[in-house]
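1. let me see the structure of the following:
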Amino acid sequence: MTTLLRTPAEWPSVLLRRGRHRARASAAADPAAALDAAVGAGAFEGLKRAVRDLGPAGTVAVVAASGLRGRGGAGFPTGDKWRAAAATEAPRRYVVANGYGADPAAFTDRALLEADPFAVLEGLAIAAFAIGATEAVIAVRAEDTELVGRLEGAVGAAEEAAFLGPDLLGSGHDVTVTVRPVQGAYMLGEETVLLKALEGRRGQPEQRPPYPTERGLFGMPTVVQNVQTLAAVPWIVVNGAAAYAKIGSKESPGTILVQVRGAERNGVAEVPLGTPLRDVVALGGAQGSGRKLKAVLVGGPSGGLLPPELLDTPYEFDALRAVGAHVGSGSVVVADDRACIVDLARLLTTFCATEACGKSIPCRIGTRRLVEIADRVVDGRPMPTDLQLLADTASDIVESGLCDHERLATLPLTSGMRYFRSELDDHLLRSTCPAGVCRPIAVPAGAAK
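-> Here you go, the predicted structure:
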């Protein structure tokens, strides 16, 4: 089970408000009893209000007015996505809940699905009702058989209680929910790759437009949302758009789950968007044993490496992008003075290059060129032009990449160049590693090939 970190009492809870107080083991053993407990705590009240009071258009309007942005990393306005899908003429529509959790070191989606699967199911049903979809899918990791079984039990219990299935709450609208275990890799965080995996096709991104809201799963209009986004919808429908907009920041309302790997503790926390990064890092404990905070990796393997001077940056979509990081998988990892930023950036870039699908040239070749440059620097074999070559290659990838995976794969190295230039120069110009990690071999200038 995923560890939930304790947060300050004044921080609001939207996503985990019920899950913290419910025995997760009983949810796995007895889905019907777990559903009864969730209903007693307010589950499916949002669905009732959407169906009986708001109607499809009214539901979309409330979600749009709340300012809810997708929690999958891109932060796209949820209301705009729903409107686009609802307005596209088609014989059928789909809603896909992405609970795959592509980042191997982040368990935010799993923590939510473990704690309160009914919040995700309710949000999924509301989204389907709002856009006129009759079929919905929850995508999760195939190897996580325990979670798959738990979700299938939750879906069955909700169908028995008529919260899912035919004639949804007497509305005449049918919503069939299917749990789909999928196998793949890091690229499944990209929505068009996930849709291809669900179709049984090779997982590679598609050129956009057209967007999935126009042509998605099996060529039909499809709304793809992270499970956190969907879990916030019932709260918004019950409490109103204005109440939700007051939580978090003006540009990014609401809360988000963050995987914190700190100096003392690791776990998942629900954090109001706009919270200073310093407060998020503090959830993982203070630096101990005289160690000094050196950098914070924000956004997962394709995230940015930020120095301590930027810890007052608000943890929200736009502010993080402005300093060279991103929300991404919701991962925040603390690195102390024992870490070599150059080596860490190389490892992250290697992971991103290995996980790249290779469909486009920037993806197939550009990311591997970045790794080659980083390898030379770490091994003490830099070429005189490597610094400029690194900057130029990263720029070319960003400007010509097909999807965000390859564009964001440049962040570890470019943020390292931006904020830790002196450490990079030590490797490039003096063949030394201040952290004592790389121990590069000194090579006479111009001798490297």
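
2. tell me where the stretch 51-200 of the chain has strands.
-> Secondary structure of the stretch 51-200 of the chain (DSSP state E, counting those that start in this stretch): strands located at 94-98, 135-141, 176-182.

3. which elements pack onto the last one?
-> When you say that, I think you mean strand 176-182. For strand 176-182, the helices and strands in contact under the criterion 3 or more C-beta pairs under 8 Å, 6 or more residues apart in numbering; DSSP states H and E are helix 117-131, strand 135-141, helix 145-160, helix 191-198. Where C-beta positions appear, they are placed from N, C-alpha and C, glycine not excepted.

4. L293: which of those is closest?
-> strand 135-141 (32.4 Å; C-beta to C-beta).

5. where does pLDDT dip in the chain?
-> Judged against pLDDT under 70, the low-scoring parts of the chain cover residues 1, 19-28, 288-289, 441-449.

6. residue contacts, the residue lying closest to A158 once chain neighbours are set aside?
-> Computed as C-beta to C-beta, 6 or more residues apart in numbering, the closest residue to A158 that is not its neighbour in sequence is L164, at 4.5 Å. If you count contacts by C-beta atoms under 8 Å, 6 or more residues apart in numbering, L164 has them with L121, A125, V155, A158, V175, T176, V177.

7. A356 now?
-> If you count contacts by C-beta under 8 Å, 6+ apart, A356 has them with M187, C363, R364, T367, H405, E406, A409.

8. hmm, 6 Å instead?
-> When the contact criterion is C-beta atoms under 6 Å, 6 or more residues apart in numbering, the partners of A356 are C363, T367.

9. likewise the one 3 residues further on?
-> Residues in contact with K359 (C-beta under 6 Å, 6+ apart) are Q204.

10. helix, strand or coil: sort out it for me.
-> Going by DSSP: H, G, I helix; E, B strand; the rest coil, the secondary structure assigned to K359 is coil.

11. mind listing the strands for the stretch 301-449 of the chain?
-> 304-306, 331-336.

12. and the residue most central in space within the chain, how far from L413?
-> The central residue of the chain, meaning the one whose C-alpha is nearest the mean C-alpha position (C-alpha atoms, centre = their mean), is S329 at 3.2 Å. Summarising the geometry, the distance separating S329 from L413, computed by C-beta to C-beta, to the nearest Å, is 19 Å.

13. cool, R141 as well?
-> In this view, R141 and L413 are 29 Å apart by C-beta to C-beta.

14. now do L124
-> Using C-beta to C-beta, which is the criterion applied here, L124 is 38 Å from L413.

15. next, count neighbours for R201.
-> R201 has 10 neighbours, counted by other C-beta atoms under 10 Å.

16. so which of the strands of the stretch 51-200 of the chain is the most packed in?
-> When neighbours are counted by mean count of other C-beta atoms under 10 Å, the highest per-stretch mean among these falls to strand 94-98, a mean of 28.

17. just how off-centre is it within its chain?
-> What separates the centre of strand 94-98 from the centre of its chain is 15 Å, taken as C-alpha atoms, centre = their mean, to the nearest Å.

18. which other helices and strands does it contact?
-> Judged by 3 or more C-beta pairs under 6 Å, 6 or more residues apart in numbering; DSSP states H and E, the packing partners of strand 94-98 are helix 117-131, strand 135-141, strand 222-226.

19. surely V371 touches A353?
-> Yes - contact between V371 and A353 holds when scored by C-beta atoms under 6 Å: they sit 5.0 Å apart.

20. who has more neighbours, the two?
-> For V371 versus A353, the count of surrounding residues by other C-beta under 10 Å is larger for A353: 22 against 19.

21. hmm, the more buried one is touching T367, no?
-> Yes - under the criterion of C-beta under 6 Å, A353 makes contact with T367 at 3.9 Å.

22. please tell me how far the residue nearest to the centre of the chain sits from A84.
-> 25 Å.

23. need the helices for the stretch 251-400 of the chain, in chain order.
-> With DSSP state H, counting those that start in this stretch, the ranges of helices along the stretch 251-400 of the chain come out as 277-282, 317-322, 341-355, 361, 367-379, 386-400.

24. what about E10, neighbour count?
-> By the measure other C-beta under 10 Å, the count of residues near E10 is 6.

25. next, it: phi, psi?
-> Here the main-chain torsion angles of E10 (degrees, to the nearest 10) amount to phi -80, psi -10.

26. tell me the spacing between it and D318.
-> Using C-beta to C-beta, which is the criterion applied here, E10 is 24 Å from D318.

27. repeat that for R418.
-> For R418, the distance to D318 (C-beta to C-beta) stands at 18 Å.

28. next: R92.
-> Using C-beta to C-beta, we find R92 at a distance of 35 Å from D318.

29. same deal with P272?
-> Distance from P272 to D318, counting by C-beta to C-beta: 15 Å.

30. A127 too?
-> 24 Å.
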